[in-house]
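*Asks:* give me the fold of what follows.
(chains A and B)
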Amino acid sequence: MIFSFDLLFEAVLFGILLGCFYAAVSIGLSVSFGLLDVPHVAHPALMIFGSYCAYIVAGWGLDPILAGVVLMPVFFVLGVLIYRFYYETFERRGSDAGVRGLAFFFGLAFIIEVGLILGFGVDQRTVQAPYIGSSWAIGDYRIPYRMLVAFGVALVLTAALTVYLSKTFTGRAIKAVAQDEPALRLMGANPVRIKQWAFGIATGVSALAGAMVIIVGPVEPAMDRLYIGRTFCVVVLAGLGSMTGTLAAGLILGISESIVLMMLGASWAPAVAFGLLLVVLGIRPQGLFGR
Amino acid sequence: MKDSRRKVLKAGAALAATAAASTTFPRFAIGQSGPIKIGMSMPQTGSLGAGGQAALLALRMWVEDVNKRGGLLKRQVELIAYDDQTNPANVPGIYTKLLDVDKVDLLIAPYGTVPTAPVMPLVKQRGLLLMGNFSFQVNAKVQHDMWFNNAPWNDASSWSDGFFKAGQGAGAKTVAVLAADNDFAQNLANGARTLAQKAGIKSVYDQNYPPATTDFSSLIRGIRAAKPEMVFVMSYPNDSVAIIRAVNEIGVGSQVQIFGGGMVGLQFTPIMTSLGSLMNGVLNYNSYVPGMKYPGIDEFLKRYAEKAKEAKVDPLGFYLPPFNYAIGQILEQAVAATKSIDQKAMAAWLHKSEVKTIVGPIRWDKNGEWANPRVVQAQFRGVADKDTEQFRSASKQVVIYPDEYKTGNVITPFEKARSAK
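*Replies:* Residues are numbered from 1 along each chain as shown, chains lettered A, B, ... in the order given. Here you go, the predicted model:
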């Protein structure tokens, strides 16, 4: 084991960047699973689909992150359609919707994965951008620009969603549908339309998250599997539905993983992340910022 | 998934009807009139999928060629290949199905160490011949005497020797070892550690990383802090890309003389093209690089390139395809020599014989690994971005080791090699 305060500082610094990246890839799930209680295990698959779409759009000469932003409305519509289908075929039909919904979203994830294999093959795909492959040197420290971009995007996403959910009528309605759906219905709002809208937002966000994934590293169709555990871990650790909590949980996970990776040994990193989740849930079952 | 599945089913139905009509029909005659089935699982998706698809294309080329020549023992050859998704958990089930449902006559292992390891106990238990497919040391503990690897290596020293010799030649006395947490990388890393110890090279950093590692920046920072003079990396394709990128962003320190060694993926054309100049200076293993001459390989690569374009797989196909085509050639020669598909007889013949293939003559030791290994350590030099065709030139991967294939000397330190032409 190597220890120095310089190294520890670097580990924390890089952990913050990594943590913001984790938060950004989880924030869509925080809306769909955290607020809507939809067992959206296809979230990482949609995100990787977003990476491939960003790859295509970036191929036309657009910056990958801008490509993600351009794709957000398209993914919003896709999300609305997916939720509508899920609602009509599963949620509306009965009390075991959760289990059947899980099967539906697993199925969706597999369809996306196979579709990507058929469309793009199994080779890795990468994008080019000025901030990929270069770093910002401050003395002895070097910070990859791609991680700084991920950091910035995560902060903007978290701030935007927090403001949207707390300051706008629809945002507050989304929070209300998560807390008390019958009460919302009594207020004259249609919970299904609100959920549909929220799921659209969650899916739209996954397009931008996908663009971030492909700037951080190359993607391949089966890569969604790597993110299922981590994204659910961040959302549950945060406390279901909390946007700032998602950022905080991402940071905790990123910093702990980075310190363990650098100081103790990479093999321990996944165990520490999930160990942390167990400890937090043992002390606060509702998660760090749970309602 | 299956070649001519419908034809085979029709042929099978016709045979069954004939057998039912005549109870006196000799049983062996039924078995010998159908095609010879060769079965395997192959990673066609997942992290080894890109390599697996290219390898499968080469095997199908051999099947096409041998069938044009009249097949094996005058019977057509049918290749049955299932996708194991680079998931070792899928492999035992696939091989059980191949043996018990598809009733294949001969078996080929999936590409890679991790998917091959689970099938070894099965073939040993049933006493079956298994053609290895670029796995590393999977038979070291199982000791199955009917295993024959197509990969040009033997033990860990046959793989890492060239790398360590190059480092020592540059005066390196310390090493950092970074290895994936899987069978292949661990087998190789253990061998590298032993080699380093024997050579008096001090290990200053030794880490295994889990398969789900997202970003390698933290690990590269750790290596830089340890100030090694050699960095030996054993990684799978996705990790190799992330490691190379992190090295370019973070740096490993000016004291590093050589970097690389056992990075899988830097042999796959799509990865080589996408990384481009980021690979410059890396000294890494390979099975074949342009300039190595064997009878038939140029003609094979030319034909492969045409088919690869149609199939949208690795367009150059230097790494796995020739060696997969060689598997077919090995089986063909063993069947021809023994005049049977008796697996025990074929294994006995292979143990005592040398076979001629497009990757050169091959002879095996008692463990079924190459008796005369020839793992190439080559340094990437002057590689440009976004240019696939450049890799057809011998100058982009300069062979440092072994001596019989050497095309240049290693450039050190690593920082200098990165800008060398």
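*Asks:* which SSE is residue B:219 in?
*Replies:* According to DSSP states H and E, residue B:219 maps onto helix B:217-226.
*Asks:* next SSE downstream of that helix?
*Replies:* strand B:230-235.
*Asks:* does anything pack onto that next one? Which helices or strands?
*Replies:* When contacts are defined as 3 or more C-beta pairs under 8 Å, 6 or more residues apart in numbering or on different chains; DSSP states H and E, strand B:230-235 packs onto helix B:156-169, strand B:174-180, helix B:183-198, helix B:237-250, strand B:258-263. All C-beta atoms are positioned from the backbone trio N, CA, C, and that covers glycine.
*Asks:* wait, residue B:94 sits on residue B:82?
*Replies:* Yes - the pair residue B:94 / residue B:82 is scored as a contact, 4.8 Å apart, by C-beta atoms under 8 Å.
*Asks:* return the residues of the stretch 1-150 of chain B in contact with chain A.
*Replies:* B:44, B:45, B:46, B:47, B:49, B:50, B:52, B:53, B:85 (C-beta under 8 Å from any C-beta of the partner chain).
*Asks:* circling back: so what sits against both of residue B:94 and residue B:82?
*Replies:* residue B:41 (C-beta atoms under 8 Å, 6 or more residues apart in numbering or on different chains).
*Asks:* re the thing from before, which outside residues touch the helix holding residue B:219?
*Replies:* Outside helix B:217-226, the residues that reach it (C-beta under 8 Å, 6+ apart) are A:2, A:4, A:6-7, A:10-11, A:14-15, A:18, A:144, A:147, A:257-258, A:261-262, A:266, B:176, B:178, B:204-205, B:207, B:209, B:213, B:231, B:243, B:246-247, B:249-253.
*Asks:* give me the buried stretch members for stretch A:230-245, please.
*Replies:* The neighbour-count check on stretch A:230-245 (16 or more other C-beta atoms under 10 Å in any protein chain shown) flags A:230-245 as buried.
*Asks:* out of those residues, who's near chain B?
*Replies:* The overlap between the buried residues of stretch A:230-245 and the neighbours of chain B (C-beta under 8 Å from any C-beta) comes to residue A:230.
*Asks:* what's the closest of the buried residues of stretch A:230-245 to residue B:270?
*Replies:* Comparing these against residue B:270 with C-beta to C-beta places residue A:230 closest, at 26.1 Å.
*Asks:* that closest one: what's its closest spatial neighbour, skipping adjacent residues?
*Replies:* residue A:22 (6.2 Å; C-beta to C-beta, 6 or more residues apart in numbering or on different chains).
*Asks:* let me know how buried the one you found is, in neighbour terms.
*Replies:* By other C-beta atoms under 10 Å in any protein chain shown, 28 other residues sit near residue A:22.
*Asks:* residues touching it, list them.
*Replies:* Taking C-beta under 8 Å, 6+ apart, one finds A:230, A:231, A:234, A:250, A:253, A:254 in contact with residue A:22.
*Asks:* let me have the residues you listed in a markdown table, adding secondary structure and distance to residue A:50 as columns.
*Replies:* Below are the contacts of residue A:22 laid out as a markdown table (DSSP: H, G, I helix; E, B strand; the rest coil; distance: C-beta to C-beta, whole Å):
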| residue | secondary structure | distance to residue A:50 |
| --- | --- | --- |
| A:230 | helix | 16 |
| A:231 | helix | 13 |
| A:234 | helix | 18 |
| A:250 | helix | 18 |
| A:253 | helix | 21 |
| A:254 | helix | 21 |
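*Asks:* helix, strand, or coil at the residue of the stretch 1-150 of chain A found nearest chain B?
*Replies:* Proximity of the stretch 1-150 of chain A to chain B (C-beta to the nearest C-beta) peaks at residue A:122, 3.3 Å away. Here residue A:122 is recorded as coil under DSSP: H, G, I helix; E, B strand; the rest coil.
*Asks:* name the nearest residue to it, sequence neighbours excluded.
*Replies:* residue B:49 is the one closest to residue A:122 (C-beta to C-beta, 6+ apart), at 3.3 Å.
*Asks:* hang on, that neighbour packs against residue A:116?
*Replies:* No - applying C-beta under 8 Å, one finds residue B:49 not in contact with residue A:116, separated by 11.6 Å.
*Asks:* which of these two has more neighbours?
*Replies:* A direct count of neighbours by other C-beta under 10 Å for residue B:49 and residue A:116 places residue B:49 higher, at 27 against 24.
*Asks:* contacting residues for that one?
*Replies:* Here residue B:49 is in contact with A:117, A:122, A:220, A:222, B:43, B:85, B:86 (C-beta under 8 Å, 6+ apart).
*Asks:* which one's the longest helix in chain B?
*Replies:* Once chain B is assigned using DSSP state H, the helix that runs over the most residues is helix B:49-68.
*Asks:* can you pull the contacts of residue A:219?
*Replies:* A:48, A:51, A:52, A:55, A:124, A:125, A:126, A:213.
*Asks:* residue B:182 now?
*Replies:* Here residue B:182 is in contact with B:113, B:114, B:211, B:236 (C-beta under 8 Å, 6+ apart).
*Asks:* how about the helices in the stretch 151-291 of chain A?
*Replies:* Counting by DSSP state H, counting those that start in this stretch, residue ranges of the helices within the stretch 151-291 of chain A are A:169-179, A:181-186, A:191-216, A:224-238, A:243-259, A:269-283.
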